[in-house]
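Colleague: Got a sequence here, can you model it:
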Amino acid sequence: MIKKHCEDVKTLLEELQGKEQQLTTLYNEIDKSEDLEQHKKLIEQTQEILRRNKKLMLQLQAWEKRSRLSQRIDAIEKKTEAGEELSVGDLRILYEIDFPVFKSFPRDPFHTPKATDRYHKIDVIIEKRMQEQTQITKTKNPFFGTPLSVKTKERMEQIKEDHARIYGCRVDQVGESTDDLRNNDDMVVFLGNIPQNHFQKIDRLPKTLKHVIGNLDLIGQSNITALPEGLEYVGGHLELNETIKSLPNGLRFIGKDLGLNKHIKTLPESIEHVGNNLHLPASPTHLPKKLSYVGGRLDTRRTTIQDLPETLTHVGGDLLLNNSISRLPNNMQHIGGSLNLYFNDVMTQIPDSLVSINRLTLNEKWEKTDKYTELITCVETQKIVKETVQFGI
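Modeller: Got it, this is the predicted structure:
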């Protein structure tokens, strides 16, 4: 936290401290007091302080959460260095099973969040757990007569053990190779991309598969007609071919792009996180109720979606709205690209929670309406648009 931010926090606390006693008095006397105008003025003054400092307060919340997570990861690092066993809770944080630890919170939360931010210690700890362990044997190199180094543990073995503990499965249910995909009928976790290259053909996916640490790219994989029912996590891109008609009901996390096909009419309510772009065809009628984070572009223009989920707080790229969506979610905080209303002239509300829009894109109709004046007044008063308003796509 730099000096300016410290000064901003100090100013906020001083302003609120000045109102604390007055608000306490108001709370105790509101039922019997007759000076309602004075109480109304006090409430309005307090609301104005909170409105002016809403961005700062949200940044403080992010900073506090990031600090707690940093301390937890520091403790995991110390355990690792001491050779202590990590708990399942530690492993879930280390491998970001439930949420990306810092992808929605930048290293300095007083700057705009970026989906690519990552706390470097996570990679350091995982690398340490992956290090090859070797021992010198008495076997001689037949060419040079020098001792041979022999691996006692494969590089990925520890990672397999970690994921087996996380999912409560056997180590042999964690795979990493083409042979594993072909032969392991009860695989739960796959540590890699499926397929491993663009030329590889996949005949089937294990029905028990829950977790793919990399991409699951099924474009061109015509033999795959359905996703495993228990699939809940894809750490990279999830791209569907044209034969897949639905997504698993428990799917909750996609680390990068989610590419749908025209047959997907309903998205599982369980989806909470899409790390990059959410590519919507025309068919979906609504977005998942739990969706809180889209790290890239969210384009609803081809859809008949009428509302964005109230849980949605962050769109890292452009947010392009159709002409049916008249309001943003009450908890929306950040739009990293353009709030694009070129095809929308029904927007009536910019929520107080929104603290950052990179651009505001409108069509020419907006400039001729009273709503345009209200909208511009709103975003200028709240100082949430970084660049100038533009007309055109």
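Colleague: sec struct for the residue nearest to residue 232 when sequence neighbours are not counted, please.
Modeller: Among residues not flanking residue 232 along the chain, residue 250 sits closest, at 4.7 Å (C-beta to C-beta, 6 or more residues apart in numbering). C-beta here means a position set from N, CA and C on the backbone, and glycine is covered the same way. Following DSSP: H, G, I helix; E, B strand; the rest coil, the label given to residue 250 is coil.
Colleague: any idea which helix or strand comes after the helix or strand harbouring residue 65?
Modeller: Using DSSP states H and E, residue 65 sits within helix 54-81. As assigned by DSSP H and E, the chain's next helix or strand after helix 54-81 is helix 88-94.
Colleague: Show me what counts as buried in the next helix or strand after that next one.
Modeller: Going down the chain from helix 88-94, the next helix or strand is helix 120-130, by DSSP H and E. Within helix 120-130, the residues that qualify as buried are 121, 122, 125, 129, counting by 16 or more other C-beta atoms under 10 Å.
Colleague: Next one: the closest residue to the first one other than its chain neighbours from residue 370, what distance?
Modeller: Residue nearest to residue 121 in three dimensions, not counting chain neighbours: residue 73, with 5.3 Å by C-beta to C-beta, 6+ apart. Between residue 73 and residue 370 the computed distance is 51 Å (C-beta to C-beta, to the nearest Å).
Colleague: Same drill for those two, tell me which one is more crowded.
Modeller: The neighbour count for residue 73 versus residue 370, taken as other C-beta atoms under 10 Å, is higher for residue 73 (21 against 7).
Colleague: looking at it, that one is touching residue 122, isn't it?
Modeller: Yes - with contact defined as C-beta atoms under 8 Å, residue 73 counts as touching residue 122 (6.4 Å).
Colleague: what are the phi and psi values for the spatially closest residue to residue 219 that is not a sequence neighbour?
Modeller: Using C-beta to C-beta, 6+ apart and skipping the chain neighbours, the partner closest in space to residue 219 is residue 239 (5.1 Å). Main-chain dihedrals, residue 239, degrees, to the nearest 10: phi -120, psi 130.
Colleague: ok, residue 239 - how many residues close by?
Modeller: Other residues within reach of residue 239, judged by other C-beta under 10 Å, total 20.
Colleague: Residue 250 now?
Modeller: Residues lying near residue 250 (other C-beta under 10 Å) number 15.
Colleague: For residue 351, which non-adjacent residue is spatially closest?
Modeller: Nearest in space to residue 351, with sequence neighbours left out and distances taken as C-beta to C-beta, 6+ apart, is residue 330 at 5.0 Å.
Colleague: swap that for residue 344, sorry
Modeller: In space, residue 344 is closest to residue 321, 4.4 Å off (C-beta to C-beta, 6+ apart).
Colleague: Return the residues in contact with that neighbour.
Modeller: Shown in contact with residue 321 (C-beta atoms under 8 Å, 6 or more residues apart in numbering): 300, 301, 339, 340, 341, 343, 344, 347.
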